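In: Below: sequence and its predicted model.
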Amino acid sequence: MDTNPLLQEWTTPYQTPPFHLFSNEHYAPAVRDAIKAAEENIKAIALQQAAPTFENTIERLETASDLLDRVTALLLNLNECNTNPQMQSTVLELMPEITRFENRIWMDRTLFERVKALSQSHLAGEQGEVVEKYYQRFVRNGVDLEPEKQRRFAANAEELSTLTEQFNHNALEDTNEFTLHITEQEQLGGLPDNVIATARGRRARRDGSSPSTPPPTGPSSPMPTTAACAGRCGKPTTAAAIAATATTTAT
């Protein structure tokens, strides 16, 4: 755990992630170690002998999974904007494990009883609002369900987390593979020269006539391109394709 840069303290300005230190191999062990640390923190909260207070229950819950939140936020954001096949596979593998951890928290009866006691104490102001949010989250995540229904709820949540990530992966692949090939100059009417040059460059890379570069992961600025294009490329059915993956051999 100590040697994984994802789990170490970041001494960078404003504690920004030192991306140059991370590799795909770091994410899975970091998430699993962070889950273990969070579970230890939460167990200590649930099993303490002191009567529940806002400070010894809610405030500690707020920070119990800080390390896991940091690692997963980094991984999931990178997977959205700068992913690769190995990272996608890692996320798909980890999502059920993260969901199981969350289910264990929100179905922990001992922990819930502490929150419930605080809810019934009717704390005033912001503390009361925070307690009520925690109470409702426990209830909505199945803590009051019968054991069999809890198992079904947890299984459905795990499956949904996997299916959601698989859908995102499939949508990204479809976006990257889609191409609109424009051959007529009049179809480019209104497009800026730099957009046309970019499209021709992509065409060349696809044909292997210049060094290969990673495909775009989605439209970056579809509206300006759509607004500028007076030809066929400006129609709603093709606007996203032009913005994301258009190629052209028009002269």
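Out: Looks like it arrived, so ask away.
In: can we go C-alpha only for contacts and neighbour counts from here?
Out: Noted.
In: Next, the buried residues of stretch 66-76.
Out: Buried residues in stretch 66-76, defined by neighbour count with 16 or more other C-alpha atoms under 10 Å: 67-69, 71-72, 75.
In: Residues touching that stretch, excluding its own?
Out: 6-7, 27, 30-31, 34-35, 38, 91 (C-alpha atoms under 8 Å, 6 or more residues apart in numbering).
In: can we see that at 7 Å?
Out: Here stretch 66-76 makes contact (C-alpha atoms under 7 Å, 6 or more residues apart in numbering) with 6, 31, 34-35.
In: hmm, back to that, adding pLDDT, secondary structure and distance to Thr198, write the buried residues of stretch 66-76 out as CSV.
Out: CSV is the format used below for these (pLDDT from 0 to 100; DSSP: H, G, I helix; E, B strand; the rest coil; distance: C-alpha to C-alpha, whole Å):
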residue, pLDDT, secondary structure, distance to Thr198
Leu67, 97, helix, 41
Leu68, 97, helix, 40
Asp69, 97, helix, 38
Val71, 97, helix, 35
Thr72, 97, helix, 34
Leu75, 97, helix, 30
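In: And the helix or strand encompassing Leu118, what does it pack against?
Out: In this assignment (DSSP states H and E), Leu118 forms part of helix 109-120. Packing partners of helix 109-120 (3 or more C-alpha pairs under 7 Å, 6 or more residues apart in numbering; DSSP states H and E): helix 125-140.
In: and the following helix or strand past the helix it packs on, average pLDDT?
Out: Using DSSP H and E, the helix or strand that follows helix 125-140 in sequence is helix 147-177. Confidence for helix 147-177, expressed as mean pLDDT, is 92.
In: Repeat that for stretch 84-92.
Out: The model assigns stretch 84-92 a mean pLDDT of 95.
In: Can you give me the buried ones in it?
Out: Buried-residue list, stretch 84-92, by 16+ other C-alpha under 10 Å: 87-88, 90-92.
In: Which ones among these map onto helices?
Out: Within these, residues falling in helices by DSSP state H are 87-88, 90-92.
In: Take these and lay them out in CSV including distance to Glu184.
Out: Below are those laid out as CSV (distance: C-alpha to C-alpha, whole Å):
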residue, distance to Glu184
Met87, 39
Gln88, 38
Thr90, 43
Val91, 42
Leu92, 42
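In: And the furthest pair within these?
Out: Met87 and Leu92 (8.6 Å; C-alpha to C-alpha).
In: thinking Ser119 is in contact with Val131, fair?
Out: Yes - the pair Ser119 / Val131 is scored as a contact, 6.0 Å apart, by C-alpha atoms under 7 Å.
In: quick one, which of these two is more surrounded?
Out: Val131 (23 against 20; other C-alpha atoms under 10 Å).
In: Report the contact partners of the more buried one.
Out: Taking C-alpha under 7 Å, 6+ apart, one finds 115, 118-119 in contact with Val131.
In: any idea which helix or strand carries the residue most central in space within the chain?
Out: Central residue of the chain (C-alpha atoms, centre = their mean): Leu76, 3.4 Å from the mean position. Assigned by DSSP H and E, Leu76 belongs to helix 66-81.
In: Got the confidence number for the nearest residue to Ala157 once chain neighbours are set aside?
Out: Nearest non-adjacent residue to Ala157, counting by C-alpha to C-alpha, 6 or more residues apart in numbering: Thr99, 6.9 Å away. Here the pLDDT value assigned to Thr99 is 97.
In: so Thr99 touches Glu158, yeah?
Out: Yes - counting by C-alpha under 7 Å, Glu158 is a contact partner of Thr99 at 5.7 Å.
In: Quick one: neighbours of Asn170, just the number.
Out: Per other C-alpha under 10 Å, the neighbour tally for Asn170 reads 12.
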